[in-house]
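Peer 1: The sequence and its predicted three-dimensional model are supplied below.
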Amino acid sequence: MGTPRSQPPAPAEGTFPLASAGAAEDTAQLLAAAPSTGESPIPKVSGGFILILILGLFGTYVAFVTPIAISLAIQVNALAPGNPEYLGLLLGIGSLAALLVGPLLGQLSDRTRSRFGRRRPWLVGGMLVGIVGLTIMGLAPSIFVLGLGWVIAQMGLSQAANLFSAVQADRVPESQRGKVGGLSGFATMVAPVVGAVIGGTVAGQPILLFLIPGAIMVVFLMLFVFLFRDEDSRGMELSPLTAVTILSKYVFNPRRYPDFSWNWLGRFLFFSALTLNTTYTAYFFSSRLGIPVEDIGSTVALIGGIGILGTLGGAIGSGFLSDRLRRRKVFVLGSALLFALSAVIIVLAPDLTVMIVGSFLANLAIGIFSAVDQALFLDVLPERKTEAARFINLTQFATTIPQAVAPIIAAGLLTIGVAEGAEPNYSLVYVAAAALAVAGGLVVLKVKGVR
């Protein structure tokens, strides 16, 4: 371990109160400001490196999203039949725990001094913590123990997932970030499908339900760890670490990092739009199509299955094209406008066919945004050499805060201008989502260091 010694932290004047605000990625550039910071160009990475990176991320996401997508619901139903509210409670508590410890774990990764580098030890650590949590969940005799296991698993698995973004920040140059972002998006979108297949195959065997995804993670993450050559970090300097320093790192100064701040705000607005758009999907489709809520599942699955093709195509296609054209902001703005258009189409849709078209366009926009904004945020990531993992974890607030706040806003919008006994104002929710998406795309145009 190195001896703490270097410059004192910059003053916190004008800090952005992320820690008090409450939170996906997340997850996927030669720093746009690199000329002013003196950072040397990052060399291109090989196709083999990209392959093991994507496989490692895929394996981690299989373990991470399978409980969210299906395993937790199956286990909750087994332990507390007729109490689906426990599922939402457990998911919320797990997300909150991961959100609160994320920036701290990011700081610790940035500060790690070892012959194995800064990322590999924490990738392995996150994997092991995740396996412990998944094992507890598979053996849980009660909802309380299940929740405890999920909190442990979420903290480990979310940190491992975030560290793959840190590796991208450390090693992937600007000219390849769109491509890697698109492939990362592809991996994270396929992972839930694999999880659903696992869930349908071993639904009656809880321990396998959680440990098979865990085993997939171990195989692919360890493949990456063994083949990835992380730089020896023992010679890097460290500043003193105190409680005040740790807490101060939960905020950032938007005046000092304007491009990062504008992108953070743009991402926050877009994910607010996305959450508004998806919160009441089942109820809205049920109301407009005249199908009972309990029977709408197959329709939603059909729309989602078609939509994922748009998401995958948008992510991979825009990622490669963004690198080739050396443009980011036009893709982000275009995806925001396309998302807004899709919301309007869904609201005005007279039948299922038009709804499918609107949903496909929405998923296409999500795919484009997820790939290119991942590249853009890595382009403007501050303090790349010393605090990349910390800022990546702070970026997660921009995606998770909307998941907590937007549904509450949506509930209020449903009641505006509605007479007693009438259909909730779903149209207003979708129009609000369209407006937020456009605002998010326009805000990103304020980023000056990236084209």
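Peer 2: Now that the structure is in, tell me what you want to look at. Just so it is clear, the structure is predicted and the values come from calculations on it, not from any experiment.
Peer 1: for the protein, which spans come out with low pLDDT?
Peer 2: Scanning the chain for pLDDT under 70 picks out 1-40, 294.
Peer 1: now do 50
Peer 2: The model of the chain has pLDDT under 50 over residues 1-38.
Peer 1: Now do the helices in the stretch 1-150 of the chain.
Peer 2: With DSSP state H, counting those that start in this stretch applied, the stretch 1-150 of the chain shows helices at 18-21, 34-37, 47-66, 72-79, 85-111, 120-139, 143-171, listed in chain order.
Peer 1: With respect to L269, which of these lies nearest?
Peer 2: Nearest to L269, of all those, is helix 18-21, at 13.8 Å by Cβ to Cβ. Quick note: C-beta positions are derived from backbone N, CA and C, even for glycine.
Peer 1: hmm, back to that, so for T311, which of the helices of the stretch 1-150 of the chain sits nearest?
Peer 2: helix 47-66 (14.3 Å).
Peer 1: Check which residues of that closest one are buried.
Peer 2: 49-50, 52-66 (16 or more other Cβ atoms under 10 Å).
Peer 1: circling back: need the helices of the stretch 1-150 of the chain in JSON lines (columns: distance to A340).
Peer 2: Below are the helices of the stretch 1-150 of the chain laid out as JSON lines (distance: least, Cβ to Cβ, whole Å):
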{"stretch": "helix 18-21", "distance to A340": "25"}
{"stretch": "helix 34-37", "distance to A340": "33"}
{"stretch": "helix 47-66", "distance to A340": "27"}
{"stretch": "helix 72-79", "distance to A340": "32"}
{"stretch": "helix 85-111", "distance to A340": "27"}
{"stretch": "helix 120-139", "distance to A340": "37"}
{"stretch": "helix 143-171", "distance to A340": "27"}
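Peer 1: G204: which of the ones you listed is closest?
Peer 2: helix 72-79 (8.8 Å).
Peer 1: Show me the helices in the stretch 351-451 of the chain, by range?
Peer 2: Using DSSP H, counting those that start in this stretch, the helices found in the stretch 351-451 of the chain span residues 352-379, 384-395, 397-413, 426-444.
Peer 1: For A243, find the nearest of those helices.
Peer 2: Taking those one by one with Cβ to Cβ, helix 384-395 is closest: 15.8 Å.
Peer 1: Between helix 352-379 and that closest one, find me the angle.
Peer 2: 150 degrees (axes from the mean of the first three to the mean of the last three Cα atoms, to 10 degrees).
Peer 1: what sits up against helix 384-395?
Peer 2: With Cβ atoms under 8 Å, 6 or more residues apart in numbering as the test, helix 384-395 has contacts from 18, 26, 31, 39, 102-103, 105-107, 109-110, 118-119, 122, 162-163, 165-166, 169-170, 236, 249-250, 252, 260, 264, 267, 377, 381-383.
Peer 1: so the helix or strand I345 falls within versus helix 426-444, what angle?
Peer 2: Using DSSP states H and E, I345 maps to helix 329-348. Helix 329-348 runs at 170 degrees relative to helix 426-444, counting by the same axes, to 10 degrees.
Peer 1: So which bits of helix 329-348 are buried?
Peer 2: Here helix 329-348 shows 329, 331-343, 345-347 as buried, counting by 16+ other Cβ under 10 Å.
Peer 1: what does stretch 133-142 give?
Peer 2: Neighbour count says stretch 133-142 has G133, L134, T135, I136, M137, G138, A140 buried, by 16+ other Cβ under 10 Å.
Peer 1: Distance from the helix holding I345 to the middle of the chain?
Peer 2: Computed by Cα atoms, centre = their mean, to the nearest Å, the separation of helix 329-348 from the middle of its chain amounts to 20 Å.
Peer 1: who's in contact with the residue lying closest to R328 once chain neighbours are set aside?
Peer 2: Leaving aside its sequence neighbours, R328 sits nearest to L376 (Cβ to Cβ, 6 or more residues apart in numbering; 4.2 Å). Residues in contact with L376 (Cβ under 8 Å, 6+ apart) are Q29, N263, R328, K329, V332, V444, V447, V450.
Peer 1: Reformat those into a markdown table and put distance to P192 next to each item.
Peer 2: As requested, the contacts of L376 are exported to a markdown table (distance: Cβ to Cβ, whole Å):
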| residue | distance to P192 |
| --- | --- |
| Q29 | 27 |
| N263 | 26 |
| R328 | 27 |
| K329 | 29 |
| V332 | 24 |
| V444 | 27 |
| V447 | 31 |
| V450 | 30 |
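Peer 1: Just the buried residues of the residues you listed.
Peer 2: Q29, N263, R328, K329, V332, V444, V447, V450.
Peer 1: Could you work out the most separated pair of the residues you listed?
Peer 2: Maximum distance among the buried ones among the contacts of L376 (Cβ to Cβ): 14.6 Å, for Q29 and V444.
Peer 1: Break this structure into its domains for me.
Peer 2: Listed domain ranges for the chain are 21-239, 258-444 (source: automatic domain parsing).
Peer 1: For those, give me CSV that also has distance to T245.
Peer 2: Output for the domains of the chain, formatted as CSV (distance: least, Cβ to Cβ, whole Å):
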stretch, distance to T245
domain 21-239, 7
domain 258-444, 11
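Peer 1: how near is G367 to L276?
Peer 2: With distances taken as Cβ to Cβ, to the nearest Å, G367 is found 19 Å from L276.
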